[in-house]
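[1] no FASTA, just this:
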């Protein structure tokens, strides 16, 4: 048998369900009563302060409150770090974004899959926790999966922007002043090339010879003519035959 509501509301007296977190009888209130008369704050504000970002006044509920901002938006805008465009971390993210291949989410899922599979580092025997670009992005590498390899954090940091041969042999070229630019834009719309050869022939109506944007015929009448001609070729009827054979005439002197 289902359990019946047994806790009366302190305001209206209607029975309601009781649970572990319910208030004791005489204090518990149903939802409609709470909406009509919400519970007042147990503690009144003691002072007001001005937000250090926007200057809006907000209330504090104890004297030594560490709150300095009116909202989370103001706190994040004040405490967030804004790096210059010449910062190495900013330029690194820009290279990863502009290079063709897998995006950030796809590389993140690929790394999680390698960690789940227990893949080892390509350059040592430790477990792989990062993804290394075999040909570095600063040297013109891409984000395609063929250029990505499982790698541990220490080897990835030691290899940095060098190739594998330079890193292993120690014969390294001087550092590059700037990275090789990528003109690839993942959001660029695809431009349709003009038709050539057979594609151009497909844009000519096979029935009347008029240029059309459709595949083979320009209208429904030309489509019917083409299907009729196909049928005549298949069964052996001449293409110039009339549509309907002439009706047989009955002499007038013939009496039924």
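    That came through, no problem. In this text, all values refer to a predicted model and were calculated from it rather than measured experimentally.
[2] Okay, strands next: where are they in the protein?
    7-8, 15-16, 47-50, 57-60, 130-133, 148-151 (DSSP state E).
[3] Would you reformat these as JSON lines and include mean pLDDT, distance to residue 31 and mean neighbour count?
    The way it works is simple: take the backbone N, C-alpha and C, and place the C-beta from them, glycine included. JSON lines is the format used below for the strands of the chain (pLDDT from 0 to 100; distance: least, Cβ to Cβ, whole Å; neighbours: other Cβ atoms under 10 Å):
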{"stretch": "strand 7-8", "mean pLDDT": "89", "distance to residue 31": "13", "mean neighbour count": "16"}
{"stretch": "strand 15-16", "mean pLDDT": "90", "distance to residue 31": "8", "mean neighbour count": "14"}
{"stretch": "strand 47-50", "mean pLDDT": "91", "distance to residue 31": "33", "mean neighbour count": "12"}
{"stretch": "strand 57-60", "mean pLDDT": "90", "distance to residue 31": "27", "mean neighbour count": "13"}
{"stretch": "strand 130-133", "mean pLDDT": "94", "distance to residue 31": "51", "mean neighbour count": "20"}
{"stretch": "strand 148-151", "mean pLDDT": "94", "distance to residue 31": "54", "mean neighbour count": "22"}
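[4] Format those as TSV; extra columns: distance to residue 234.
    Listed next are the strands of the chain as TSV, based on distance: least, Cβ to Cβ, whole Å:
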stretch	distance to residue 234
strand 7-8	85
strand 15-16	80
strand 47-50	89
strand 57-60	85
strand 130-133	60
strand 148-151	56
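[5] Tell me how far residue 170 lies from residue 132.
    Residue 170 is 19 Å from residue 132, where distance means Cβ to Cβ, to the nearest Å.
[6] Equivalent analysis for residue 116, please.
    Relative to residue 132, residue 116 is positioned 18 Å away (Cβ to Cβ).
[7] same thing with residue 49?
    As judged by Cβ to Cβ, residue 49 and residue 132 stand 49 Å apart.
[8] Pretty sure residue 50 sits against residue 67.
    No - counting by Cβ atoms under 8 Å, residue 50 sits too far from residue 67 to count as a contact (11.6 Å).
[9] I'd guessed residue 54 sits against residue 75; true?
    No - using Cβ under 8 Å, residue 54 is not in contact with residue 75, being 10.9 Å away.
[10] More neighbours: which of the two?
    Between residue 54 and residue 75, counting by other Cβ atoms under 10 Å, residue 75 is the more crowded of the two (16 against 13).
[11] Can you name the residues that contact that one?
    53, 68, 69 (Cβ atoms under 8 Å, 6 or more residues apart in numbering).
[12] ok, now with 6 Å
    By Cβ atoms under 6 Å, 6 or more residues apart in numbering, residue 75 lies in contact with residue 69.
[13] how far away is it from residue 82?
    In terms of Cβ to Cβ, residue 75 sits 15 Å off from residue 82.
[14] Residue 4 now?
    The value you get for residue 4 to residue 82, if Cβ to Cβ is used, is 61 Å.
[15] Model confidence score at the closest residue to residue 166 other than its chain neighbours, please.
    Of all residues not flanking residue 166 in the chain, residue 172 sits nearest, at 4.5 Å (Cβ to Cβ, 6 or more residues apart in numbering). pLDDT for residue 172: 77.
[16] and the residue lying closest to residue 141 once chain neighbours are set aside, what are its phi and psi?
    Nearest non-adjacent residue to residue 141, counting by Cβ to Cβ, 6+ apart: residue 135, 3.7 Å away. Dihedral angles of residue 135 (phi, psi; degrees, to the nearest 10) stand at phi -90, psi 110.
[17] what's the burial count for residue 30?
    With other Cβ under 10 Å as criterion, residue 30 counts 19.
[18] I should have written residue 226 there, sorry.
    Other residues near residue 226 number 16, with proximity taken as other Cβ under 10 Å.
[19] For it, which residues are in contact?
    206, 207, 217.
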